[in-house]
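Participant: Any chance you could fold what I've pasted below:
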Amino acid sequence: MNRWDERYSQKGYAYGTEPNQFLVEQVNALNLAAPLNILSLGEGEGRNAVYLATQGHHVHAVDGSAVGLEKAKKLAEQHHVSLVTQVADLTHFSIEQPCDGVVMIFCHLPSTVRHAIHQKIMEALVPGGVLIYQAYSTRQLNYQTGGPREVDLLVNLNELEESFSDMRVLHACMHDKEIYEGKYHTGLASVTEFVARKSFE
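Facilitator: Numbering: from 1, shown residues only. Below you'll find the predicted structure:
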């Protein structure tokens, strides 16, 4: 059993069942016209994918934990929506279908894997497609409120600006904010937030 299967095997939902606040804010700000095909990477137990599905979108939820995605299916059933789920190691993951939107919320990967995924996202997004991305920054090492303790797994804004330099940036910042999501995200944290739209050209 991998670390994430072990975490998600615990009673309840590790990060709660409510969607990520930043994701909700950005979906509302973007006024995304449903139904869109949205890919959620590192989805875990389904809280964000289920939220997107309740907004009328077609959601493809990908995660390395089969245990997490089984809980995602149950959460979707409780909300009377459906998800496409896929257990996959993002190190070798290929995005097979064009996407209207891609969501990465606290999906922390080694930098080499992350850079490859960023390129795959760029290629998969349709013209006008949007990326919504939130991660802990390297400054999160100063806090004990969640996230990886390895600097290589943390994401700073300059990396995202470089990876997605061909996209039109709609929101970009690195700042401290209070985050309370289940028992693993608890308190003041340093986060990187990035939203961008692929050119229509």
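Participant: For burial, what's the neighbour tally of Gly182?
Facilitator: 16 (other CB atoms under 10 Å). All C-beta spots, glycine's among them, are computed from the backbone N, C-alpha and C.
Participant: gap between it and Val102?
Facilitator: Counting by CB to CB, to the nearest Å, the separation of Gly182 from Val102 is 23 Å.
Participant: do Met122 as well
Facilitator: Applying CB to CB, the value for Met122 to Val102 is 9 Å.
Participant: same question, Leu157
Facilitator: Computed with CB to CB, the distance linking Leu157 and Val102 is 18 Å.
Participant: out of the two, which sits in the busier spot?
Facilitator: Val102 (25 against 16).
Participant: where does that one land in three-state SS?
Facilitator: Of the three states, Val102 takes strand under DSSP: H, G, I helix; E, B strand; the rest coil.
Participant: That one against Asn37, yeah?
Facilitator: No. Between Val102 and Asn37 there is no contact under CB atoms under 8 Å: 10.0 Å.
Participant: pLDDT below threshold where in the chain?
Facilitator: 1 (pLDDT under 70).
Participant: Going along the chain, name the helices of it.
Facilitator: Assigned by DSSP state H, the chain shows helices spanning 3-8, 21-30, 47-54, 66-78, 111-124, 157-163.
Participant: can you put the ones you listed in TSV and add distance to Cys173?
Facilitator: Shown next, in TSV, are those (distance: least, CB to CB, whole Å):
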stretch	distance to Cys173
helix 3-8	28
helix 21-30	10
helix 47-54	20
helix 66-78	28
helix 111-124	18
helix 157-163	7
